[in-house]
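Peer 1: I'd like to go over a predicted model; first the sequence, then the structure.
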Amino acid sequence: MLDGTVGSSYFDRFNLKWKLSNDRNLRSVALQTFIREKEINYDRFCCLYWPRFSSQLTKNLDSSRVFTEIISHIKGGLQAGDFHDGKLNRDAYISMSEYRVSNISAEKRNGIYDIFRAYEEMKMERGEFDISDVVNDLHHRLKCHNLDGDKIDFVYIDEVQDLTMRQISLFKYICRNVEEGFVFSGDTAQTIARGIDFRFEDIRNLFYNEFVMDSKGDKAAKRKDKGHLSCVFQLLQNFRTHTGVLKLAQSVIDLLRHYFPQSVDVLKPETSLIDGAAPVLLKPGDDENAILTIFGNRGNNVGKIVGFGAEQVILVRDESAKKEIFGLIGQKALVLTIVECKGLEFQASLLLACCA
């Protein structure tokens, strides 16, 4: 919405032929096709970019962690807006190793920044982009041009844990009601977007510095402000999940807190009025394929058919795992990635190799 409202669209720089068309439907379809083919998400980063980086840089580093650092910190973090291009410079990024919440050394950050530089150069050569490029371009345009049209009085952002700080910051341009106009809702333990590093404490700081303080026009008013941060309200009653699943989920969160104490917000455990047994853990033998054991034969073979019902699902990590399972069982069961199943409900779920 914002990209087509303020100044020239970010995508005009790609010199696309369909820009000359007066057919709005054609332009819309062509743009969606371009975005689908040229936007760099984690899967494309891992498959097309990561193997081309120097092995001296990538050794001892995880591709997912590096992608998260690029999207959520170097280009999408709280401090990125302080730089004219919306990207932390090397010194600023390396200095983050001194923060209490950091678990990445200065040496590793230096290597990650080298990968970031190589990534940006390679991305430009290929004529591709990532979401942070669009967001930073929007920030630049909105600082130079006023947003035409009426402002929104109240903004409710759900699933906020799947957005970077710079993405969240864009909402300040469409609603000036900072006193009571914003509600941010989410759960750090449910972050499913790859490349996102999220804590509610960061949102509190962002809202105070970029929403509240920016709304105070004169410096005197800013100096008088006592620095009150917005409150966080915990919704502890779970109405959809029984106690067996909640206890298992809480045990995973407890492990995250123990080994990565600053990676998730410290919240009270959820409760439920619905009783239920703990999920069953299936551990196949060394040479056993759990899916073939359950379904009994390959998807293309005839014979005994073992299938899942409409309210049952197999959940996998990503598209590559989904294709692998589909090749084994065909249409016998609904197979979804974690991203695809968000918000859906099933009576029975088989979570396959989620920690492999």
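Peer 2: That came through fine.
Peer 1: and the strands in the protein?
Peer 2: Secondary structure of the chain by DSSP state E: the strands cover 155-157, 182-184, 312-316, 335-337, 348-351.
Peer 1: show me the shaky parts of the protein.
Peer 2: When residues are selected by pLDDT under 70, those of the chain lie in 1, 17-22, 100-101, 217-229, 296-307, 354-356.
Peer 1: contacting residues for V178?
Peer 2: By Cβ atoms under 8 Å, 6 or more residues apart in numbering, the contact set of V178 is 172, 207, 211-212, 215. Where C-beta positions appear, they are placed from N, C-alpha and C, glycine not excepted.
Peer 1: the same query, at a cut-off of 6 Å, please.
Peer 2: 211-212, 215 (Cβ atoms under 6 Å, 6 or more residues apart in numbering).
Peer 1: ditto for T243
Peer 2: Residues in contact with T243, defined by Cβ under 6 Å, 6+ apart, are 272, 275-276.
Peer 1: save the strands of the chain as CSV, and put in mean neighbour count and distance to E125 too.
Peer 2: CSV is the format used below for the strands of the chain (neighbours: other Cβ atoms under 10 Å; distance: least, Cβ to Cβ, whole Å):
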stretch, mean neighbour count, distance to E125
strand 155-157, 13, 35
strand 182-184, 17, 37
strand 312-316, 20, 33
strand 335-337, 19, 30
strand 348-351, 16, 39
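Peer 1: I'd say R141 and V6 touch.
Peer 2: Yes - look at R141 against V6 with Cβ atoms under 6 Å: they come within range, at 4.7 Å.
Peer 1: can you list contacts of stretch 179-188?
Peer 2: Contacts with stretch 179-188, where a contact means Cβ under 6 Å, 6+ apart, come from 154-161, 175, 198, 203, 264-265.
Peer 1: which ones among the contacts of V178 are found in helices?
Peer 2: With helices taken from DSSP state H, the overlap with the contacts of V178 comprises S215.
Peer 1: out of the contacts of V178, which are buried?
Peer 2: Neighbour-count burial (16 or more other Cβ atoms under 10 Å) applied to these gives 211-212.
Peer 1: quick one: which of the contacts of V178 is nearest N60?
Peer 2: Of all these, the one with the least separation from N60 (Cβ to Cβ) is F211, at 38.9 Å.
Peer 1: now that the closest one has come up, it's in contact with F171, right?
Peer 2: No - under the criterion of Cβ under 6 Å, F211 is not in contact with F171, lying 8.1 Å apart.
Peer 1: what's near enough to touch A277?
Peer 2: Taking Cβ under 6 Å, 6+ apart as the criterion, A277 is in contact with G244.
Peer 1: thinking again about what came up before, mind putting the strands of the chain into TSV with distance to D85?
Peer 2: Output for the strands of the chain, formatted as TSV (distance: least, Cβ to Cβ, whole Å):
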stretch	distance to D85
strand 155-157	26
strand 182-184	27
strand 312-316	38
strand 335-337	33
strand 348-351	41
